[in-house]
Structures are given as C-alpha cells and as structure tokens.
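**Q** I need the structure of the sequence given here:
(one chain, ligands or ions: 1)
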Amino acid sequence: MFGPDFPFAYDDFLKNPAGLGHLPPAMHGTEVAIIGAGIAGIVSAYELMKLGLRPQIYEADRIGGRMRSEPFKDGDGAFAELGAMRFPPSSTCLFHYLDKVGLQTVDFPNPLTPAAHSTLIELGGQEYYARRHTDLPVVFQDVELAWQAALDEGAHFAALQAAILARNPNAIKSIWNPLVARLDEESFYGFISKSAAFKRLGFRAREIFGQVGFGTGGWDTDYPNSILEILRVVATGAEDNHQSVVGGVERLPRRLWEHAPEGCVHWPAGTSLASLHGNTPRPGVTRIAPGADHKIAITDRYGNRNEFAAAIVTTQVWLLSARIDCAESLFDHELWMAMERSHYMQSSKTFVMVDRPFWHDTDPVSGRDVMSMTLSDRMTRGTYLMDNGAGKRGVICLSYTWNDDAMKWISLPLDERVRLMLHSLKQIYPKLNISEHIIGSPITVSWESDPNFMGAFKANLPGHYRYQRRLFSHFVQDKLPTHQRGIFLAGDDISWTAGWAEGAVTTALNAVAGTIRHLGGTSAPDNPDAINAWDTLQPVKLQD
Ligand SMILES: Cc1cc2nc3c(=O)[nH]c(=O)nc-3n(C[C@H](O)[C@H](O)[C@H](O)COP(=O)(O)OP(=O)(O)OC[C@H]3O[C@@H](n4cnc5c(N)ncnc54)[C@H](O)[C@@H]3O)c2cc1C
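**A** A predicted model of the protein is given here:
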C-alpha cells in the first residue's frame with residue numbers, strides 16, 4: 001500500500017540486510033514501554049528487541065488486539081475473525097511478517113470471486129445470482145463503469161495508480177497533493193453524486209453502488225467519510241485479491257511474540273518477546289505522565305509505576321482521554337485536537353459454526369448453490385461463507401456491518417442477533433434450513449461497545465486531513481519541546497490507511513525510527529528510514 005501521502009518504501013526498508021538502525025551500546029538493555037499488544041505494539045517491540053532494547057509491553061486485554069481470531073468452543077479448530085480478516089497482497093510489510101513466521105494465506109471468499117464460488121445479491125426484493133461480474137444484469141456493469149469514470153474524471157485515477165505501481169514519489173505527489181487540496185472537504189457521497197457518470201445514471205445507480213460497491217461489498221455506510229479515504233484504498237490496491245490467514249490472523253502477533261529472531265543485538269540467542277516478559281505482557285495502563293529526567297512514567301491497573309526512556313502508544317487515541325489518565329503536557333493542543341476529532345467506524349460481526357460447508361450442495365430445481373456469499377439491503381448486509389476444507393466445520397459470518405448498520409445490532413443480545421439474522425436469510429433462501437446445520441455457540445462482536453477499543457477503526461471525515469497529518473507526523477520529534485519528546489503514537493489511528501493492518505505496521509516502523517533517534521541512535525548506513533526521507537516525502541501541508 002505504497003503512498004500516496006507519504007510514498008516511502010517501507011517494504012524495501014524492512015528487507016534491507018543493513019537493518020533498521022543502530023543504538024549506542026550504552027543504551028542496550030534499556031527498557032521502552034509499549035502500550036498495546038496489537039500488531040503495531042508487537043511489531044515495534046519485536047524490532048526494538050532486535051536492536052538491543054528491552055521492550056515492555058502493556059496490554060489491557062489480550063495479545064492481538066483487533067487481530068482477534070476467536071475459537072468456537074469445542075469447535076475442532078473453527079474460529080471467527082472478529083477484526084481484520086482479509087488482506088491485500090499490496091500489504092507488503094504485513095506479508096513480510098507473515099512470511100517471517102511461516103503463516104500461509106488463501107483467497108478470501110469476497111463477493112463475485114472464484115473463492116466465493118457464487119454470490120447472491122438481493123436488492124429491493126430482487127435477487128441476482130452470479131458466479132462472476134459478467135453474470136449480473138447490465139445495470140451492475142454500468143455502475144462499475146460509472147465508478148471507474150468518476151475516479152478518472154475526479155481524481156486522475158489511472159495516472160495516480162500508474163505512479164503508485166511505478167513507485168514514483170514525484171509523479172505520485174504531483175497528482176496526489178493537488179487532489180488533497182481540492183478534495184479534503186468532499187465526502188465519498190458528494191464525490192460520486194457530482195460526477196458526470198453517476199449523474200447520467202441517476203439515483204438508483206448510487207443506491208446500487210452503495211449496496212454492492214467494489215471488491216468487498218457495499219460501501220454506503222462509508223458515504224459520509226472523506227473521499228480521500230476511499231481514494232487511498234482503491235489507489236493502493238487495498239480492495240484487490242484479498243487473502244485470509246490460514247488458522248486465523250491472530251497467529252501473526254502471537255507468533256511474533258514467541259519468535260526468537262536471529263542476530264539480535266545484545267540479547268542471547270533464543271531471546272523472544274515472550275521470554276523477555278516471562279510469557280505474559282504487563283497489565284493494562286491507567287496513567288501516562290512525565291517522569292524524572294524526561295522519562296515517561298507508566299502506571300498499570302494495579303498501581304505499579306515505572307519510568308521508561310521512551311514509550312510507544314498503540315491504543316486507539318480516544319483512550320488517551322477517555323480511559324487512560326494521560327498528562328496533557330505530553331502533547332500539544334493541536335495534537336490533542338487531532339486525537340479528539342478522530343472518527344471511528346462502528347462495526348459488528350456475528351458468526352456461527354456449521355456441521356459442514358453445506359452451501360456447495362446444488363439445488364436440484366435451479367441448479368444453483370443452495371446458499372451463496374450474500375449481499376443484501378436487509379439488516380445482515382454481508383454474509384460470508386468460510387469453507388475450512390473437506391471434513392472440517394464450516395463457518396458463516398451471518399452479518400458484517402459498519403456504522404448505522406452496526407448500530408442496529410449494538411443493543412441486541414447475541415441470541416436475538418442470530419434469530420434476526422436467520423430470519424433475514426430465510427426471506428432470501430426460503431427453501432433452506434440453515435439452523436439445522438448450526439452447531440455450538442455463536443460468536444458476536446460490537447467493537448464500539450468494548451472499552452479497550454471504543455470503535456472498530458478510524459475513518460476520516462471531510463476536513464480531517466490536517467488532523468491526520470498531525471497524528472502521522474508525530475514521530476518526527478526534532479522540533480518538539482523536550483518535555484513532549486520520547487512518547488510516540490503508532491497504530492491504526494495514526495495511519496493514512498486506517499482499517500488496514502498494513503498502516504498499523506508501517507506506523508509502528510515510524511515509531512521505531514523515532515525511538516532510535518530519541519535514544520541517541522541512527523538509521524543503518526545505506527538504509528535510510530522514514531525520518532531520513534521526511535524532508536523530501538512528507539505529506540503535503542494544507543494552509544490554515
Ligand atoms: C471489524 C474490523 C475489521 C477489519 N478488517 C480488516 C481487514 O480485513 N484487513 C486489514 O488489513 N485490517 C482490518 N482491520 C484493521 C486492523 O484490524 C487494524 O488496523 C489493526 O489490527 C490495528 O492494530 P493496532 O496495533 O494499531 O491496534 P489494536 O489491535 O487495537 O491494538 C491496540 C491494543 O491496545 C490495547 N489496549 C487498549 N487500552 C489499553 C490500556 N489502557 N493499556 C494497555 N493496552 C491497552 C488493546 O486491548 C489492543 O490490544 C479491521 C478492524 C476491525 C475492527
């Protein structure tokens with residue numbers, strides 16, 4: 001997911017045998033606090049450990065964060081991907097770590113992909129069954145063409161994508177920077193409704209596009225967000241060729257936690273994050289404050305206070321005012337404003353385990369699969385079918401929703417959610433008895449109701465570019481007053497492509513670069529880091 005705001009080749013940087021940097025030997029063994037054991041916290045801790053530091057990870061819940069692969073009780077290995085579940089190959093840094101710990105991926109069953117086998121779109125009571133795009137009525141293809149035309153007309157999309165594929169920072173910036181200035185205050189809906197192509201097709205096309213979308217399903221709950229957010233997703237290939245992680249993506253942060261990298265500076269062979277922590281992260285954090293000698297003081301939920309030479313905070317930023325007593329003086333008011341204005345998508349998912357992937361059975365009358373990956377304008381919205389292989393339990397994500405559609409579920413208990421979802425699916429598949437296949441207990445999540453998250457993932461609203469730039473830039477600290485240095489923000493909220501784990505990983509690498517500098521180190525010779533590249537690549541500044 002190269003660029004477009006900060007077109008730095010993080011994957012090349014990671015692959016370079018010169019490594020990520022060097023620290024003065026006197027700093028080896030220095031403790032650094034990492035708050036949160038999601039993928040950003042684990043990656044930053046893993047890389048700092050390799051450089052000879054002693055990361056101390058604090059976690060309020062469990063390793064993995066929003067990479068949460070929840071096992072079904074007595075489910076014989078079946079699990080529900082409650083957070084991140086599908087990963088584009090353009091997430092090259094994420095795949096770097098997947099490869100490092102030997103995790104395999106397979107095609108994710110998105111709508112209209114071969115992995116889904118078949119897709120059923122149900123809109124306004126009309127059903128459309130398809131194995132591929134071209135099976136759908138012409139109106140769907142018109143909508144797809146209108147989206148491509150809107151992108152080219154309003155965002156020079158073909159040129160932007162070519163510049164990204166060519167990894168040409170100058171070409172990217174010459175297209176992207178003027179787009180930022182022009183489109184920061186435009187919503188996704190405003191962008192498409194003003195495009196000549198969608199105007200020509202009329203309201204119905206915008207409705208179909210909202211329900212069916214591109215790649216992964218309907219995007220109308222994203223309509224109020226800034227169009228820049230959507231352009232980043234499509235331009236970097238984030239919606240393309242999705243993979244899922246065999247055995248669940250939570251295995252990635254867990255394997256990195258246990259992984260003993262070769263060639264660690266300072267630490268003996270066999271050292272891992274798990275071994276440095278006695279196998280369990282430190283407890284959740286309740287207070288962050290300035291300590292003595294410009295250190296950062298961290299207090300955990302049991303009142304233990306420790307001071308660290310540096311700290312990396314990877315929780316959602318709302319938690320810094322709502323759940324953690326964080327000293328105001330550690331960040332300036334502009335940055336606090338950016339944190340408080342952060343906008344989160346809500347998201348709800350509900351899964352059931354089934355005896356077998358029965359959806360491959362053929363209806364003898366219609367000749368169709370008895371059930372398909374389903375997109376609907378009913379409350380369920382997206383229903384995904386996970387085939388775990390012959391002889392294995394299947395898993396159905398009965399419903400995956402965002403924003404208003406997620407809020408419809410939030411107050412409903414688990415059994416009521418499942419009952420309503422099955423009721424909706426019954427209207428779509430009247431001949432099919434899904435219930436007779438369900439075994440074990442269902443699993444559900446509403447991320448916004450979990451106090452350690454308060455939302456699913458960030459999505460900037462129109463006019464939020466300046467806030468996002470402040471958050472992303474925070475790792476470059478040479479111009480900050482001394483009392484605000486040494487604490488770094490990383491993770492999904494800080495990323496330009498929130499909602500995609502790749503951004504959590506790359507912001508973790510930024511925080512690592514900042515921490516190295518803060519402790520008197522440098523980047524490795526012949527492997528410039530994001531701080532070296534800052535002056536030339538930094539995201540465009542908009543005038544106030
Ligand atoms: C519903 C959903 C769907 C998604 N789908 C995809 C997808 O398909 N593909 C993709 O690439 N990405 C997806 N994402 C985004 C991806 O999950 C995130 O970008 C990534 O997991 C974020 O990692 P992180 O480390 O930044 O944050 P987190 O994973 O949130 O880690 C932060 C950690 O901080 C902990 N914490 C909170 N408070 C405290 C405290 N006081 N003290 C200590 N620890 C604390 C939390 O428990 C958590 O473990 C999805 C996310 C969600 C929620």
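**Q** in the stretch 301-450 of the chain, which spans are helices?
**A** In order along the chain, the stretch 301-450 of the chain carries the following helices (DSSP state H, counting those that start in this stretch): 319-322, 333-340, 403-410, 414-428.
**Q** just checking, what packs against the third one?
**A** So the one you mean is helix 403-410. Packed against helix 403-410 by the contact rule (3 or more C-beta pairs under 8 Å, 6 or more residues apart in numbering; DSSP states H and E) you find strand 347-354, strand 394-402, strand 438-446. For glycine as for every other residue, the C-beta is placed from the backbone atoms N, C-alpha and C.
**Q** that older thread, which one of the helices of the stretch 301-450 of the chain lies closest to the ligand?
**A** Each of those was checked against the ligand via C-beta to the nearest ligand atom, and the shortest separation belongs to helix 319-322, namely 5.1 Å.
**Q** with mean neighbour count, distance to the ligand and mean pLDDT added, can I get the helices of the stretch 301-450 of the chain in JSON lines?
**A** JSON lines is the format used below for those (neighbours: other C-beta atoms under 10 Å; distance: least, C-beta to the nearest ligand atom, whole Å; pLDDT from 0 to 100):
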{"stretch": "helix 319-322", "mean neighbour count": "17", "distance to the ligand": "5", "mean pLDDT": "97"}
{"stretch": "helix 333-340", "mean neighbour count": "16", "distance to the ligand": "14", "mean pLDDT": "98"}
{"stretch": "helix 403-410", "mean neighbour count": "18", "distance to the ligand": "9", "mean pLDDT": "96"}
{"stretch": "helix 414-428", "mean neighbour count": "16", "distance to the ligand": "15", "mean pLDDT": "98"}
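**Q** for the ligand, what are the nearby residues on the stretch 51-200 of the chain?
**A** Proximity of the stretch 51-200 of the chain to the ligand (C-beta under 6 Å from any ligand atom) is limited to residues 58, 59, 60, 61, 65, 66, 67, 83, 84, 85, 86, 87.
**Q** counting neighbours, what do you get for the fourth one?
**A** So that's residue 61. 16 (other C-beta atoms under 10 Å).
**Q** go on, residue 482?
**A** Residues near residue 482, counting by other C-beta under 10 Å, number 8.
**Q** the one 4 residues further on too?
**A** Counted by other C-beta under 10 Å, the residues lying close to residue 486 total 24.
**Q** which one of the helices of the stretch 301-450 of the chain lies nearest to residue 186?
**A** Ranking these by their distance to residue 186 (criterion: C-beta to C-beta) puts helix 403-410 first, at 18.5 Å.
**Q** thinking again about what came up before, so which of the helices and strands packed on helix 403-410 is nearest the ligand?
**A** Across those, the ligand has its closest neighbour in strand 347-354 (3.9 Å, C-beta to the nearest ligand atom).
**Q** find the nearest non-adjacent residue to residue 49, please.
**A** The shortest distance from residue 49 to any residue that is not its chain neighbour, by C-beta to C-beta, 6 or more residues apart in numbering, is 5.6 Å, and that residue is residue 55.
**Q** list the residues that contact that neighbour.
**A** Applying C-beta atoms under 8 Å, 6 or more residues apart in numbering to residue 55 gives the contacts 31, 32, 33, 34, 44, 45, 46, 48, 49, 273, 276.
**Q** so what pLDDT did the first one get?
**A** Same thing as residue 31. At residue 31, the model reports a pLDDT of 98.
**Q** quick one: contacts for it?
**A** Contact criterion C-beta under 8 Å, 6+ apart gives 53, 54, 55, 56, 306, 308, 309 as the residues in contact with residue 31.
**Q** residue 69 - nearest residue in space that isn't next to it in sequence?
**A** With C-beta to C-beta, 6+ apart as the measure, residue 248 is the residue that lies nearest to residue 69, at 2.7 Å, once sequence neighbours are left out.
**Q** sec struct for the residue nearest to residue 49, please.
**A** Using DSSP: H, G, I helix; E, B strand; the rest coil, the three-state assignment for residue 55 comes out as strand.
**Q** for it, give the beta-bridge partners.
**A** residue 32 (DSSP bridges).
**Q** lowest-confidence helix or strand of this protein?
**A** Counting by mean pLDDT, DSSP states H and E, the weakest-scoring helix or strand in the chain turns out to be helix 203-212, with a mean of 91.
**Q** now the helix or strand following that one, how far from the centre of its chain.
**A** Moving toward the C-terminus from helix 203-212, the first helix or strand encountered (DSSP states H and E) is helix 227-235. On the basis of C-alpha atoms, centre = their mean, to the nearest Å, helix 227-235 is displaced by 14 Å from the centre of the chain it belongs to.
**Q** so what's the residue nearest to residue 506 when sequence neighbours are not counted up against?
**A** Nearest-residue entry for residue 506: residue 10, 4.6 Å, with adjacent residues in sequence omitted and distances by C-beta to C-beta, 6+ apart. Taking C-beta under 8 Å, 6+ apart as the contact definition, residue 10 lies against 92, 93, 505, 506, 509, 530.
**Q** tell me how far the third one lies from residue 52.
**A** Think residue 505. According to C-beta to C-beta, to the nearest Å, residue 505 and residue 52 sit 21 Å apart.
**Q** likewise the first one?
**A** For residue 92, the distance to residue 52 (C-beta to C-beta) stands at 26 Å.
**Q** same check, this time on the last one
**A** Plainly put, residue 530 is 20 Å away from residue 52 if you go by C-beta to C-beta.
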